[in-house]
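Peer 1: Dropping the sequence and predicted coords here.
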Amino acid sequence: MFAGIDIGSRTIGLVVMSGGGVKKTGLEDTGFQPLDKAKKMLTQTTGRIFATGYGRHAAMSSFAHGAITEIKAHAMGSHHFLPGVRTVLDMGGQDTKVILLDGNGSVKDFQMNDRCSAGTGKFLEIMSLALGFPAVAEFGNAALDGRPGIKISNMCTVFAESEAVSLLHKGVAIKDISLALHAAVVERTAGMLQRVGFEPPLVFTGGVANNRCIIELLETRLGVKVMVPKEPQLVGALGAALAAGANAPAC
């Protein structure tokens, strides 16, 4: 038995494997004491444990036997989900990653947006609250019914929020503003994908991959099918578990 745990900024994902198959999964909010939360999730889990995500180094100092970068974890997890995948798009709470793979699933190149929350799950969360939605899921559903034509000119979270609220005060429909904000995220993401020279098949991982509007806009913008795992937030943990099972060295 071996396990991977992905300690991210918003959630902690767990995948436990044995005999080549997944035996247990878990997903919890990170909270204010992520190591304690991670240890609790690992209760009754024996064998080798690898960590990834923001908290991987702290996990190494506390309980994990090894750690791998998020880039490698999502590459390995996505390749396991779809052998032959050539591009991975990971959109999490605090950053967006584009990872280009070769035919064997090894990382060829990657690009990250990790300097601000523009175009990330946090961006969508803040915009959702600004428009009065109780949950990001409802924000995404409203965007699906929006009419195109409205443009958000600034992706800085502070200025984009101000722009969205200004449009709201001008009487623009909330669903149309919602669509414009989602479209702005997709446009920024498409730019990252094109700069890295993405190739299909494309696998979409991370919490934002649960947003149907983002998926549909990406497919339209890129002209390719976007493949989403059943539990996209657990792909990093799956990659860490696979690394643990392969006795990969810590990094």
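Peer 2: Ah, there it is.

Peer 1: Report the separation between the nearest residue to Phe63 once chain neighbours are set aside and Ala246.
Peer 2: In space, and not counting its chain neighbours, Phe63 is closest to Lys39: 6.2 Å by Cβ to Cβ, 6 or more residues apart in numbering. (Each C-beta comes from the backbone N, C-alpha and C, glycine too.) Lys39 sits 24 Å away from Ala246, going by Cβ to Cβ, to the nearest Å.

Peer 1: So the two - more neighbours on which side?
Peer 2: Using other Cβ atoms under 10 Å as the criterion, Lys39 and Ala246 rank with Lys39 on top: 15 against 12.

Peer 1: tell me the phi and psi of that one?
Peer 2: phi -60, psi -40 (degrees, to the nearest 10).

Peer 1: my guess is it meets Ala64, correct?
Peer 2: No: applying Cβ atoms under 8 Å, one finds Lys39 not in contact with Ala64, separated by 10.3 Å.

Peer 1: ok, Arg221 - contacts?
Peer 2: Arg221 makes contact with Val186, Glu187, Ala190, according to Cβ atoms under 8 Å, 6 or more residues apart in numbering.

Peer 1: Now do the SS call for the second one.
Peer 2: What it means is Glu187. Classification of Glu187 by DSSP: H, G, I helix; E, B strand; the rest coil places it in helix.

Peer 1: got a list of what it touches?
Peer 2: Arg221.

Peer 1: so what pLDDT did it get?
Peer 2: Note for Glu187: predicted pLDDT of 93.

Peer 1: Next: Ala135.
Peer 2: The per-residue pLDDT reported for Ala135 equals 88.

Peer 1: Show me the helices in the stretch 1-150 of the chain, by range?
Peer 2: 34-41, 56-62, 70-81, 121-130, 136-144 (DSSP state H, counting those that start in this stretch).

Peer 1: What are the neighbouring residues in contact with the residue nearest to Tyr54 when sequence neighbours are not counted?
Peer 2: Of all residues not flanking Tyr54 in the chain, Ser9 sits nearest, at 5.5 Å (Cβ to Cβ, 6+ apart). Ser9 sits next to Thr30, Tyr54, Gly92, Gly93, Gln94, Lys122 when contact means Cβ under 8 Å, 6+ apart.

Peer 1: that older thread, what does the pLDDT read for the residue nearest to Phe63?
Peer 2: Predicted confidence (pLDDT) for Lys39: 95.

Peer 1: now the one 3 residues further on
Peer 2: The predicted local distance difference test score for Leu42 is 94.

Peer 1: With Asn113 instead?
Peer 2: Confidence at Asn113, expressed as pLDDT, is 81.

Peer 1: Go through the helices of the stretch 1-150 of the chain and pick out the most buried.
Peer 2: Mean neighbour count, computed with mean count of other Cβ atoms under 10 Å, is highest for helix 70-81 among these, reaching a mean of 25.
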